[in-house]
Each structure stands twice: as C-alpha cells, then as structure tokens.
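Novice: quick one, what's the 3D model for this:
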Amino acid sequence: MLEIDEYDYQLFRKRDIHNHHQNEKIEDTVDYTKFQMPVINQKTFVSNCLLVLTLLTSCNNSSSKEDLKKEIQSVTSWAATTGMVGNAWLQGNIPSKYAQQTLDKAQTEFIQEKNKISQIQAQTTIIKSCQSLIINNVAQLANQTAKISQAIKQNNHLLAQQELTELDSELQKLHQLRTKLEASYEKIS
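Specialist: Just a heads-up that it's a prediction; the model follows:
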C-alpha cells in the first residue's frame with residue numbers, strides 16, 4: 001500500500017478539489033481512505049536517534065583527533081625550522097636579519113598553533129591532560145624561539161647555541177607527548 005505524509009495528502013486533496021471546480025465532469029476518483037500516514041515504532045525511533053548520535057560523536061572524535069595531529073605536525077615543523085635557522089646563523093650561512101625575521105614568524109606561528117590546540121575539544125581526561133601539556137610545550141617553544149632571536153640580535157653565539165639546545169629538548173618533549181597522545185587515542189578506539 002502506498003504511504004504518503006499529511007502534506008502530500010493535502011496537496012492531492014487541494015488539486016482534486018481545484019480540478020473538480022474547474023470541470024464539473026471530473027469525478028472524484030481518489031479514495032483518500034486508502035492512504036496511510038507512516039507510523040514510527042518508538043523502539044525504531046530511539047535506535048535511529050542513538051545511531052545518528054553515535055555517528056556524529058565518532059565523526060567529531062575523528063575530527064578532533066585529526067585536528068590535533070595536524071596542529072602538532074605544524075608545531076613540529078616550525079620547531080625544526082627554528083633549529084635549522086639558528087644553526088645556519090651559527091655557521092654564518094644566513095644573515096642575522098633573515099634569521100630574526102624567520103624566528104619572529106616562527107614565534108607568531110607557535111602562538112597561533114597554541115591557540116588552535118586549546119580550541120580543540122578533547123574526548124577524555126587523559127587526552128585533555130596531554131592537550132594541556134602540549135599547549136604548555138608549544139608556549140615553551142615560542143619562548144625559546146624568542147630567546148634564540150634575542151641572542152642573534154645580540155650576536156651572542158654561545159647563548160644562541162644554549163637556547164638551541166633547550167629548543168631541541170622541548171622538541172623531544174613534544175615528540176613524547178605526541179606518542180602518549182596517539183596511545184591514548186588507540187585506547188578509546
């Protein structure tokens with residue numbers, strides 16, 4: 001049996017009445033009593049709602065996981081850039097002005113990435129904890145980058161080398177946090 005909703009039923013009825021008034025010879029051939037409104041079983045409705053909610057939640061989990069991975073990758077890339085620029089300056093391969101401009105850009109990017117990471121919704125307490133540690137780590141990377149830039153501005157090779165060593169240490173912490181985060185995601189998958 002054909003099932004239609006109330007809206008379609010009303011459209012059929014209006015069209016039929018309109019045609020009837022237009023031409024008195026057209027008979028009312030549609031038996032409206034044969035149309036049934038769809039009946040939704042309460043269990044089916046609830047299970048469909050739960051299914052949609054589960055799909056939306058899993059999509060959100062995947063999205064936040066991918067967003068966090070992307071931001072960490074960006075931070076890692078900027079940390080590597082900072083290290084390469086600092087080392088290139090120490091070896092005399094690039095001018096101080098270029099090094100400072102690049103490091104200023106890296107510091108700005110670290111701050112933007114830190115803000116993006118803080119906006120990502122974490123699903124569990126463990127992931128929130130990792131996320132918080134990553135945010136602190138990114139802030140430290142930005143701070144180290146500023147110190148390296150300042151050492152270059154002062155033409156202080158020894159201080160620049162010390163700050164690059166500290167930058168490398170912070171980058172290693174980020175790698176450890178990323179590994180811990182990935183393990184946490186695997187546990188909830």
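Novice: which SSE is residue 92 in?
Specialist: Assigned by DSSP states H and E, residue 92 falls within no helix or strand.
Novice: and residue 177, by the same measure?
Specialist: Per DSSP H and E: helix 157-188 holds residue 177.
Novice: which secondary structure state is assigned to residue 94?
Specialist: State at residue 94, reduced to three classes by DSSP: H, G, I helix; E, B strand; the rest coil: coil.
Novice: likewise for residue 126?
Specialist: Residue 126 - assigned by three-state DSSP - is helix.
Novice: residue ranges with poor pLDDT in the protein?
Specialist: Where the chain drops to pLDDT under 70, the residues are 1-62, 189.
Novice: repeat that for 90
Specialist: Segments of the chain classed as low confidence (criterion: pLDDT under 90) are 1-69, 121-130, 178, 180-189.
Novice: which stretches of it form helices?
Specialist: Secondary structure of the chain (DSSP state H): helices at 6-22, 42-90, 96-119, 125-153, 157-188.
Novice: for stretch 122-141, buried residues please.
Specialist: Across stretch 122-141, burial judged by 16 or more other C-beta atoms under 10 Å covers 122, 126, 127, 130, 131, 133, 134, 135, 137, 138, 140, 141. Every residue, glycine included, has its C-beta placed from N, CA and C.
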